[in-house]
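Chemist: give me a model of this one.
(one chain, ligands or ions: 1)
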Amino acid sequence: MKPEQQALLRKLPGVDYVLNLWEQEQPAQQAPRPVVVQAIRSALGKLRATIMATDETLDEALLSDTQLLHLTETALKNAMNFKLKRVINATGVVVHTNLGRSLLPEGVARHVAELSGRYSNLEFDLEQGARGSRYSHVEDILCEISGAEAAMVVNNNAGAVFLSLETLAKGKEVIVSRGELVEIGGSFRIPDVMARSGARLVEVGTTNRTHLADYERAIRNETALLLKVHTSNYSVVGFTAEVSLKDLVALGGKYHLPVMKDLGSGNFVALSKYSLLKEPTVQETVATGADVVSFSGDKMLGGPQAGIIVGRKDTIEGIKQNPINRALRIDKMTLAALEATLHLYRDEAQALSAIPTLRMLTMPAKVILTKARRLLNRLRKLGNNQLKAVLVKTSSRVGGGALPLQELPTKCVGVTIEGLSASRIEQIMREATPPVVGHIEDDLFLMDVRTIQDEEIPMIASAFKKMLEEQ
Ligand SMILES: *Cc1c(COP(=O)(O)O)cnc(C)c1O
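Modeler: Model prediction:
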C-alpha cells in the first residue's frame, strides 16, 4: 500500500462521526436507527475498498462530509428497497430460471393477491364442515386435463422426483438408461437425487443407445422401479436408440414393476401445432399407462413453481401417504395460482393467449416485428445523435432446460452509444429502475423484444434517456 493510501485510511471517520452528521442533517428519521448504522458501516466499507483499490492519487474530498452523507444516503436507500424486485427480461429466454421462470397470467396474479390477503377454505371442506385436503382444489382439474386417475402437487419437480423415488424405491433398485442421467441447472442431478432418496441407481445401456433387453436383463428381486427421464436440456443425436415409454410400461407390466417418467417441463398443449419442435405432452405421456408422471408448474406450463405428480390411483395414493410430503407441501398462494392457471387450459386458444409463457413461445413474427419497431422508434425519438439503434435478427430460446435445439427466430433492438462501451451500457441498464437485462453480441447491446412486455417499452426508453442525460 502507498503512503497516501495509508494516510487516507487513517483519516477515515468512525461510524459515530457519520451517524452524528446524519442525524444533524436529517432530523426527520425515515429509517430505524440500526438500519442507518448498518448503512453507514456499509458506506464506510465501500470507501475503504475504493481507497485500497485506487492507484491514482486520491482526493481528500473523498472523505468530505458531503460525500459521507451522499454515500450513506445511497446505502440507506439500498437497504430500504426490496431486494427482490421486478426486472425487464430482454434476454429472449422465455422460461428464464434466473429471472423467475414463468410470468403468471394477469387474472391469475390478481386471484392470488385476493386470496392470499384473506382466509380461505385451504384445508376446510365447506360442504362437510370438516377438515379438508389442500390438494383437493387442484386434483380434479389436473385429472380432467391430463387424463390421469390421480394427481398431487408438491413444491417443485425436484421434490416430486425425490418424493416418488423415496416412496417407491427406498432401499431398492431403480433402472435408468445411461443416456438419461441428466443434470439440470442448480445442481439437480438424477444420480444425486436418487442417492439421497435411498434408492440405488442401476444404469443400463450406453450414452447413445439403450434397448429394451438392457432394462430386462437388469431386473432382479431388488428392482422397485423403471424410470425414464426426459432429456430436457440436451439432445443425443446421430446413432441413437432409446426405449419408448410405451415399451417400458409393457415391460413393467410383465414384471409387475411401476414405471415413472420425469417429464421435466410438462406441457398440456402440443406446441408442434404452433411450429415448435415436438415434445411429448402430459396427456400423451399419461396415456402410455405410466404409473407416475412428474413435471414442473413453472416451466412450459406457465404457472407457479410447483411439482405436479399424476398417474395411477394406488401409486399416487402411496406417494401422498409419505410423511416427507408434508415437508414439500405447497402454500396457498401457489395453490391459488396453480388452480387458476389450470382453468385456462380448458380452452386451448385461451391458454395460448392468456398464459404469457405460451404467448411468448408462439408469438407470430409479425407481432415481434411490430414490437421491435415500437422500441426502435421510441429510442430514435429520444433525438440523441450519440445513440444508434438498429434491428438485429437473432434467435430466442425456450429456456428452463426445455427444447434445447429449438430455434425461435426473433428481432432484437441493438444499441450503441458514442463514448460508452457495450459492457458499460449493459451494466447501466442492469442497474436501472427497473433493471433491464439484455446481452452483448459483437460489441452491440441487444434487447430481444420477444420477452419484453408491451408496457415495458416506455420504461426501457426512459432508462436510455436517463443514461444519455447522465453521461
Ligand atoms: C427442470 C427439471 C427438473 C426439476 O424441476 P424443478 O421444478 O425445477 O424442481 C427435474 N427433472 C427434469 C427432467 C427437469 O427438466
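Chemist: partner residues bridging the residue in the stretch 201-350 of the chain positioned nearest to the ligand?
Modeler: Evaluated by Cβ to the nearest ligand atom, the stretch 201-350 of the chain has Gly264 as its residue closest to the ligand, separated by 2.5 Å. Yep, even glycine has a C-beta here, placed from its N, CA and C like the rest. Under DSSP bridges, the beta-bridge partners of Gly264 are Phe295.
Chemist: mind listing what it touches?
Modeler: Listed by Cβ atoms under 8 Å, 6 or more residues apart in numbering, the contact set of Gly264 reads Asn157, Ile184, Val229, His230, Ser232, Asn233, Phe295, Ser296, Lys299, Gly401, Ala402.
Chemist: from those residues, which has minimum pLDDT?
Modeler: Among the contacts of Gly264, Gly401 carries the lowest pLDDT, at 77.
Chemist: so how far is Phe268 from it?
Modeler: 18 Å (Cβ to Cβ, to the nearest Å).
Chemist: next: Lys11.
Modeler: 65 Å.
Chemist: quick one: which of the two has more around it?
Modeler: Neighbours per residue, other Cβ atoms under 10 Å: of Lys11 and Phe268, the larger number sits with Phe268, 21 against 11.
Chemist: and the more buried one, its phi and psi?
Modeler: phi -90, psi -20 (degrees, to the nearest 10).
Chemist: likewise the one 4 residues further on?
Modeler: Here the main-chain torsion angles of Ser272 (degrees, to the nearest 10) amount to phi -60, psi -20.
Chemist: list the contacts for it?
Modeler: Ser272 makes contacts with Lys278, Glu279, as judged by Cβ under 8 Å, 6+ apart.
Chemist: ok, and of the contacts of Gly264, which contact the ligand?
Modeler: Contacts with the ligand within the contacts of Gly264, counted by Cβ under 6 Å from any ligand atom: Asn157, Ile184, Val229, His230, Ser232, Ser296, Gly401.
Chemist: neighbour-wise, give me the winner out of the residues you listed.
Modeler: Ser296 (29 neighbours).
Chemist: grab the nearest non-local neighbour of the residue in the stretch 301-450 of the chain positioned nearest to the ligand.
Modeler: Per Cβ to the nearest ligand atom, Gly401 is where the stretch 301-450 of the chain lies closest to the ligand, at 4.5 Å. In space, and not counting its chain neighbours, Gly401 is closest to Asn233: 3.6 Å by Cβ to Cβ, 6 or more residues apart in numbering.
Chemist: Three-state assignment for the one you found, please.
Modeler: Here Asn233 is recorded as coil under DSSP: H, G, I helix; E, B strand; the rest coil.
Chemist: shouldn't it be in contact with Leu405?
Modeler: No: with contact defined as Cβ atoms under 8 Å, Asn233 does not count as touching Leu405 (10.4 Å).
Chemist: helices or strands up against the lengthiest helix in the chain?
Modeler: If you go by DSSP state H, the chain has its longest helix at helix 33-53. Contact partners of helix 33-53 among helices and strands, from 3 or more Cβ pairs under 8 Å, 6 or more residues apart in numbering; DSSP states H and E: helix 3-11, helix 15-25, helix 65-80.
Chemist: which parts of the longest one are buried?
Modeler: Within helix 65-80, the residues that qualify as buried are Leu68, Leu69, Leu71, Thr72, Ala75, Leu76, counting by 16 or more other Cβ atoms under 10 Å.
Chemist: quick one, which of Asn233 and Leu405 is more surrounded?
Modeler: Asn233 (18 against 9).
Chemist: which of the helices or strands spans Gly414?
Modeler: strand 408-417 (DSSP states H and E).
Chemist: hey, where'd the strands end up in the stretch 151-300 of the chain?
Modeler: For the stretch 151-300 of the chain, applying DSSP state E, counting those that start in this stretch gives strands covering 173-177, 183-184, 188-189, 200-204, 223-229, 259-264, 292-296.
Chemist: tell me the most buried of these?
Modeler: strand 292-296 (a mean of 28; mean count of other Cβ atoms under 10 Å).
Chemist: neighbouring contacts of that one?
Modeler: For strand 292-296, the surrounding residues in contact (Cβ under 8 Å, 6+ apart) are 146, 148, 156-157, 160-161, 164, 168, 258-266, 282, 285-286, 301, 305-312, 315-316, 319, 400.
Chemist: now swap in stretch 338-352 and tell me
Modeler: 104-105, 107-108, 111-112, 137-138, 141-142, 144-145, 153, 268-269, 274, 297, 301-304, 306, 330, 354-355, 358-359, 362.
Chemist: from those, list the buried ones, please.
Modeler: 104-105, 108, 111-112, 137-138, 141-142, 145, 153, 268-269, 297, 301-304, 306, 330, 354-355, 358-359, 362.
Chemist: which one, of the helices and strands packed on helix 33-53, ends up nearest to Ala90?
Modeler: Counting by Cβ to Cβ, Ala90 lies closest to helix 65-80 out of the helices and strands packed on helix 33-53; the figure is 23.5 Å.
Chemist: quick one, that closest one and helix 15-25 angle?
Modeler: 90 degrees (axes from the mean of the first three to the mean of the last three Cα atoms, to 10 degrees).
Chemist: could you give the angle of helix 65-80 to helix 33-53?
Modeler: Going by the same axes, to 10 degrees, helix 65-80 makes 120 degrees with helix 33-53.
Chemist: what about helix 65-80, distance to the chain center?
Modeler: Offset of helix 65-80 from its chain centre (Cα atoms, centre = their mean, to the nearest Å): 33 Å.
Chemist: and the next helix or strand after that helix, what does it pack against?
Modeler: Later in the chain than helix 65-80, the nearest helix or strand by DSSP H and E is strand 88-89. Applying 3+ Cβ pairs under 8 Å, 6+ apart, we find strand 88-89 packed against strand 436-437.
Chemist: now do the strand it packs on: everything it contacts.
Modeler: For strand 436-437, contacts defined as Cβ under 8 Å, 6+ apart pick out Val87, Ile88, Asn89, Ala90, Thr91, Leu99, Met429, Arg430, Met447, Met459, Ile460, Ala463.
Chemist: any figure for the gap between the residue found closest to Lys11 once you drop the neighbours it is linked to in the chain and the ligand?
Modeler: Using Cβ to Cβ, 6+ apart and skipping the chain neighbours, the partner closest in space to Lys11 is Leu63 (5.7 Å). In this view, Leu63 and the ligand are 48 Å apart by Cβ to the nearest ligand atom, to the nearest Å.
Chemist: in which helix or strand would I find Ile460?
Modeler: Short version: Ile460 belongs to helix 457-470, going by DSSP H and E.
Chemist: so for that helix, what gets flagged as buried?
Modeler: Of all the residues in helix 457-470, those buried under the rule 16+ other Cβ under 10 Å are Ile457, Met459, Ile460, Ala461, Ala463, Phe464, Lys465, Met467.
Chemist: thinking again about what came up before, make TSV out of the buried residues of helix 65-80 and add pLDDT and distance to the ligand.
Modeler: Below are the buried residues of helix 65-80 laid out as TSV (pLDDT from 0 to 100; distance: Cβ to the nearest ligand atom, whole Å):
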residue	pLDDT	distance to the ligand
Leu68	92	45
Leu69	92	45
Leu71	93	40
Thr72	93	40
Ala75	93	35
Leu76	93	36
